[in-house]
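[1] Predicted model follows, preceded by the sequence.
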Number of protein chains: 2
Amino acid sequence: MLKNDTLIRALLRQPTAYTPVWLMRQAGRYLPEYNQTRARAGSFLGLCKNPDFATEVTLQPLARFALDAAILFSDILTIPDAMGLGLHFTEGEGPKFERPLRNEWEIRNLFVPDPDEHLRYVVDAVAQIRRALADEVPLIGFSGSPFTLACYMVDGGASTDLRMLKTMLYGRPELLHHILDVNCRAVTAYLNAQIEAGAQVVMIFDTWGGMLSAAAYQEFSLSYLERVVAGIKRSYGGDTVPSIVFTKGGGLWLEDIAAIGCDAVGIDWTMDIGTARKRVGKRVALQGNLDPTILFAEPRVIREQARHILTAFGHGEGHVFNLGHGVSQFTPPEHVATLVDAVHELSPAFH
Amino acid sequence: MLKNDTLIRALLRQPTAYTPVWLMRQAGRYLPEYNQTRARAGSFLGLCKNPDFATEVTLQPLARFALDAAILFSDILTIPDAMGLGLHFTEGEGPKFERPLRNEWEIRNLFVPDPDEHLRYVVDAVAQIRRALADEVPLIGFSGSPFTLACYMVDGGASTDLRMLKTMLYGRPELLHHILDVNCRAVTAYLNAQIEAGAQVVMIFDTWGGMLSAAAYQEFSLSYLERVVAGIKRSYGGDTVPSIVFTKGGGLWLEDIAAIGCDAVGIDWTMDIGTARKRVGKRVALQGNLDPTILFAEPRVIREQARHILTAFGHGEGHVFNLGHGVSQFTPPEHVATLVDAVHELSPAFH
């Protein structure tokens, strides 16, 4: 039994005493203890691939802040790495693949990795983190979305215009659909393996879906998100496992995202959360949506902006406080404490 | 008298025989003749600052394609350069300022450049291009928005998170308001000087407004866009001068943008243009919104996607066909011809 199930209840729009809060990328470079562990691990991938290190950094922010959830420390690109594309990180340039998908033969040969075999280190990390958490707060598992994985697999790394991906999308859509179909089955199996290993909530990050046209988003991202949501376990060991879908830049399509069967929708900071709530009604919970750069401001401003979001969402259930994107590496850790405390202090008035 | 006034009429939602088309960044690196002129000029800024070169490259796409408008060839950062911030371009890294705004003293000392003195080269280029066009098609003048200029002035160049700008926005909002007030007066004077020199339409590019929260967008970008629109000449020499406002990523705020008094709103490719039209009704014309990466696809796909947008907008007036962002440097020029011809061939059925 979870000692703090506020997150789970809020995701399922059940009554809670206050608004739960966790932060995307809450374990990361803004924490000196993270940088120390990373130095010991030798690299970012060294952290991800070693369950001891992954457990250590997952728990670090919980030791500092009164967060209502832990999130598995991992990378969104573990799946294509397990497919053999060769993930590596270059300083300051983000993730790159050694062998991006450059021809039809490579695409036709893609396979669905077996999580228990090719992604064993993630499954093991989930189990180990879950044990270490001792039911204090729930553990969130996650994956990149089929579309977002495809962006990196085709362009070979982060791209400001998704040039190669979109060339395929408009020129050879059947090839992209093949990649997305494989990714969809891989993501579903991966999330189910995380659930079986102990993840109590799952989140799907669609980081790049917001760069598509409305029609292309429906066809190449949302339809696969819907298939993933339909394929993941709704409960495990008697407990409901809520799902969260987050398309960065997807505000225009909020109603469509809310209709795919997920329990909650993450929103970035560009949308007023009160407007978002009116648009989705009672269909889903909402997670968000403080601009992460607000954490550079002084504590007074952070509290004011947290209050602004709580007020905009208004009274009642179904809000998980979070940022609209990951914590920046330049964030003073004490400002995260200010935010978490402000949400806990100000939110009971709305419940 | 303009021989082809289709653009002007469409922006004012008057009847036209077909849908006019021009492309953001229609003069640029995808054209071999542009690269030749640029090589002669020595640099990008060398092109902008010499009215002969600026005229030459402005006219280049019109010699190739049946475009319904010319747009002044210039940079959105001419104003802060005229303020003394020292604009320069480094290969592959985009614009940088040598002296970004780093302290209050520099901000308090900002001045509104006199277009006829500090930006003479732009005013001269407008006049020269207008003469060279010989009233074949209208000439569009433009400026960056007060907020977008401030982003570059504070961060010193393009920034993925506007870290320094947002630190000021949340930490010292009164300082940012001071910059925006100066920029607002500068943009207004600059656009009026372009109108007096011969620009027949003006467009304001708010490239970075879409990175703000809903509330911050209203306060720090839209309110200044509204002041600029109120301050620019509505007509000159007896002719109405329509205005276009484009906030990239501003789809969530479409109704608000449509209410500031501009004649037309540019939209990027993330919004379905039919949905956009329903949202704004008859208040403004709409300009857009093909994903520029579609120009990498084969002609059949380009025609199909152009038809998709024309169909989504539907019958009636008030549509200017354009991309949702500038032409990519990797675009085959013949694909631009395909697009322009497709719009001219397919659109009469909607008028």
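    Everything's here; your move.
[2] what does chain A have sitting close to chain B?
    A:161-163, A:166-167, A:170-171, A:210-217, A:249, A:251-252, A:269-272, A:275, A:291-294, A:296-298, A:301, A:305, A:308, A:324, A:328, A:330 (CB under 8 Å from any CB of the partner chain). For glycine as for every other residue, the C-beta is placed from the backbone atoms N, C-alpha and C.
[3] Not counting sequence-adjacent ones, nearest residue to A:Leu149?
    A:Asn183 (4.9 Å; CB to CB, 6 or more residues apart in numbering or on different chains).
[4] Also A:Gly231?
    Of all residues not flanking A:Gly231 in the chain, A:Thr188 sits nearest, at 3.8 Å (CB to CB, 6+ apart).
[5] right, and A:Phe44 touches A:Thr90 too?
    No - using CB atoms under 8 Å, A:Phe44 is not in contact with A:Thr90; the gap is 10.7 Å.
[6] how about the residue nearest to A:Gly231, what does it touch?
    A:Thr188 makes contact with A:227-228, A:231-232, according to CB atoms under 8 Å, 6 or more residues apart in numbering or on different chains.
[7] who wins for neighbours among those residues?
    Within the contacts of A:Thr188, most neighbours by other CB atoms under 10 Å in any protein chain shown means A:Val228, with 26 neighbours.
[8] can you tell me the helix or strand for A:Pro80?
    Element membership for A:Pro80, per DSSP states H and E: helix A:78-80.
[9] Can I have the buried ones of the residues of chain A next to chain B as a ChimeraX selection?
    Here is the ChimeraX command that selects only those of the residues of chain A next to chain B that count as buried (16 or more other CB atoms under 10 Å in any protein chain shown):
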select /A:161,162,163,166,167,170,210,211,212,213,214,216,217,249,251,252,269,270,271,272,291,292,293,294,296,297,301,305,308,324,328
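[10] about what we covered before: with neighbour numbers in mind, choose between A:Phe44 and A:Thr90.
    With neighbours defined as other CB under 10 Å, A:Phe44 and A:Thr90 compare such that A:Phe44 has more, 17 against 9.
[11] So for that one, what's the pLDDT?
    If you check A:Phe44, the pLDDT there is 91.
[12] Same question for A:Cys262.
    For A:Cys262, the predicted pLDDT is 98.
[13] all helices for the stretch 151-300 of chain A, in order.
    Secondary structure of the stretch 151-300 of chain A (DSSP state H, counting those that start in this stretch): helices at A:163-171, A:173-197, A:214-217, A:223-231, A:254-258, A:273-280, A:299-313.
[14] Nearest to B:Val280, out of the ones you listed?
    Set against B:Val280 and scored by CB to CB, the helices of the stretch 151-300 of chain A come closest in helix A:214-217, at 15.9 Å.
[15] tell me, how many neighbours does A:Ala127 end up with?
    18.
[16] for A:Asp341, same thing?
    Quick note: A:Asp341 (other CB under 10 Å) scores 17 neighbours.
[17] could you say which helix or strand contains the residue sitting furthest away from the middle of chain A?
    Here chain A reaches farthest from its C-alpha mean at A:Trp105, the gap being 31.2 Å by CA atoms, centre = their mean. Element membership of A:Trp105 [criterion: DSSP H and E] is helix A:104-108.
[18] quick check: mean pLDDT across that helix?
    pLDDT averaged over helix A:104-108 gives 96.
[19] list the helices and strands whichever helix or strand comes after it packs on?
    With elements assigned by DSSP H and E, the helix or strand that comes after helix A:104-108 is helix A:115-118. If you count contacts as 3 or more CB pairs under 8 Å, 6 or more residues apart in numbering or on different chains; DSSP states H and E, helix A:115-118 packs onto helix A:120-133, helix A:173-197.
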